[in-house]
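Visitor: Need coordinates for the below:
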Amino acid sequence: MIKFLLIATLMMPQQPTILRRLFPPKIARDTTVNLIVIHYDSGNSSNIVIRYLRQTHKSYHYYIERSGRIIQLVDPKQVAGHAGVSRWGTLSSLNFSSIGICLQNIPPQFYTDAQYVSLVFLAGQLQHRWPDITANKIVGHEDVAYPRGRKHDPGKKFDWARFRAALDTTQFKPMKKVVKPRKSLAKRPKKG
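Guide: Next up is the predicted model:
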């Protein structure tokens, strides 16, 4: 399994698809300490989950469908309401210092190879952007929800060893940003 994931990640012809369906900006996230919290959603459809999140004023930064498609919901520099009452070490209220990634899954489903590939890619990009996100700062919601035992995601079917091995052995190139060309701000010469 790990070999397959490594080969799939290294031979991937292009980056996973990232669709941006951004929620309205909230407040800036504290980026001096960064964590990634992995969740599952218990939903059949990204559209249903996104509608529910909008109605309840909750959110993840990213949502990974079973196909591997990544949907960005909140800019990772902004707060997203994903961790709830939470603690990790001396930190609490982790919505303000963590990036939430949700994997589409209805337990007891296994996660798909495409989801692992996309999660490894996304986590690697986030580690490149915030180098303090080390392996021990990528945790499950079950690890930070307070009181302990309140949450169970990403659950027993999530293969942490597979994920960490692929993350440790994959070399990442920064994601290319698509920048629209801007009109020149220089004054144009007058005619005549």
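Visitor: Show me where this protein has its strands.
Guide: Using DSSP state E, the strands of the chain run over residues 18-20, 35-40, 62-64, 70-72, 87-88, 91-92, 98-103, 138-140.
Visitor: Nearest to A114, out of these?
Guide: Of all the strands of the chain, it is strand 62-64 that lies closest to A114, at 8.5 Å by CB to CB. C-beta here means a position set from N, CA and C on the backbone, and glycine is covered the same way.
Visitor: buried stuff in stretch 52-72?
Guide: 53, 59-66, 68-72 (16 or more other CB atoms under 10 Å).
Visitor: if I read this right, S118 contacts I64, doesn't it?
Guide: Yes. S118 lies in contact with I64 (CB atoms under 8 Å); the separation is 5.0 Å.
Visitor: returning to that earlier point: just the closest of the buried residues of stretch 52-72 to L103, please.
Guide: Looking across these and measuring by CB to CB, the closest to L103 is I64, at 5.1 Å.
Visitor: Run through the bridge partners of that closest one.
Guide: I64 has these beta-bridge partners by DSSP bridges: I70, L103.
Visitor: mind checking how far the helix of greatest length in the chain is from the chain centre?
Guide: When the chain is parsed with DSSP state H, its longest helix is helix 113-129. Distance of helix 113-129 from its chain centroid, counting by CA atoms, centre = their mean, to the nearest Å, is 8 Å.
Visitor: By neighbour count, which bits of that helix are buried? Give me those.
Guide: In helix 113-129, counting by 16+ other CB under 10 Å, buried: 114-127.
Visitor: possible to save the residues you listed as a markdown table with distance to I18 and pLDDT?
Guide: Output for these, formatted as a markdown table (distance: CB to CB, whole Å; pLDDT from 0 to 100):
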| residue | distance to I18 | pLDDT |
| --- | --- | --- |
| A114 | 14 | 97 |
| Q115 | 14 | 97 |
| Y116 | 16 | 97 |
| V117 | 13 | 96 |
| S118 | 9 | 97 |
| L119 | 13 | 98 |
| V120 | 14 | 97 |
| F121 | 9 | 96 |
| L122 | 8 | 97 |
| A123 | 13 | 97 |
| G124 | 13 | 95 |
| Q125 | 9 | 94 |
| L126 | 12 | 96 |
| Q127 | 16 | 95 |
